[in-house]
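A.B. asks: this one's structure only:
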């Protein structure tokens with residue numbers, strides 16, 4: 001069982017930055033790929049970014065590529081999503097997930113409760 005806790009969300013103006021963190025409880029953290037997904041009101045949950053178990057490979061949604069950077073620290077059981085040049089359309093609840101390296105939500109077995117990101121124009 002893996003418990004995931006997101007933090008770092010908040011309110012920021014367009015063009016600003018936030019760094020989301022996701023702390024995992026499992027000692028086997030380094031064996032999991034980690035992903036971030038987001039869900040805006042009235043919309044489906046969508047893929048944001050993913051990182052493989054070692055951190056050697058990442059992938060991003062086209063909407064965030066070049067603005068968001070995903071990294072992980074296996075010694076701290078934590079992944080970080082650095083979000084720069086934020087736009088109002090980035091407003092959503094952001095979820096961290098652990099599982100298989102994929103852009104598909106059902107590939108992930110464990111999910112956090114989410115953290116709200118609000119970008120004002």
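C.D. replies: Looks like it came in fine. Given the structure is predicted, the values throughout are model-derived calculations rather than measurements. Residues are numbered from 1 along each chain as shown.
A.B. asks: how about the contacts made by residue 94?
C.D. replies: 6, 9, 20, 36-38, 48, 81, 114-117 (Cβ atoms under 8 Å, 6 or more residues apart in numbering). All C-beta atoms are positioned from the backbone trio N, CA, C, and that covers glycine.
A.B. asks: closest one to residue 105 out of these, please.
C.D. replies: Distance ranking of those against residue 105, using Cβ to Cβ, places residue 37 first at 5.9 Å.
A.B. asks: residue 44 and residue 56, how far apart?
C.D. replies: 30 Å (Cβ to Cβ, to the nearest Å).
A.B. asks: ok, now residue 63?
C.D. replies: 24 Å.
A.B. asks: compare these two (neighbour count), which wins?
C.D. replies: residue 63 (14 against 7; other Cβ atoms under 10 Å).
A.B. asks: skipping its backbone neighbours, what lies nearest the more buried one in space?
C.D. replies: residue 89 (7.7 Å; Cβ to Cβ, 6 or more residues apart in numbering).
A.B. asks: checking that neighbour next. Helix, strand or coil?
C.D. replies: Following DSSP: H, G, I helix; E, B strand; the rest coil, residue 89 is assigned to helix.
A.B. asks: can you show me the strands along this protein?
C.D. replies: For the chain, strands defined by DSSP state E occupy the ranges 4-7, 10-13, 18-24, 33-39, 46-51, 58-60, 68-73, 78-83, 92-99, 108-111, 115-120.
A.B. asks: now the ones you listed in a markdown table, with mean pLDDT?
C.D. replies: Below are the strands of the chain laid out as a markdown table (pLDDT from 0 to 100):
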| stretch | mean pLDDT |
| --- | --- |
| strand 4-7 | 97 |
| strand 10-13 | 98 |
| strand 18-24 | 98 |
| strand 33-39 | 98 |
| strand 46-51 | 98 |
| strand 58-60 | 98 |
| strand 68-73 | 98 |
| strand 78-83 | 98 |
| strand 92-99 | 98 |
| strand 108-111 | 97 |
| strand 115-120 | 98 |
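A.B. asks: ok, the residue nearest to residue 16 when sequence neighbours are not counted to residue 104 distance?
C.D. replies: Nearest non-adjacent residue to residue 16, counting by Cβ to Cβ, 6+ apart: residue 86, 5.4 Å away. In this view, residue 86 and residue 104 are 25 Å apart by Cβ to Cβ.
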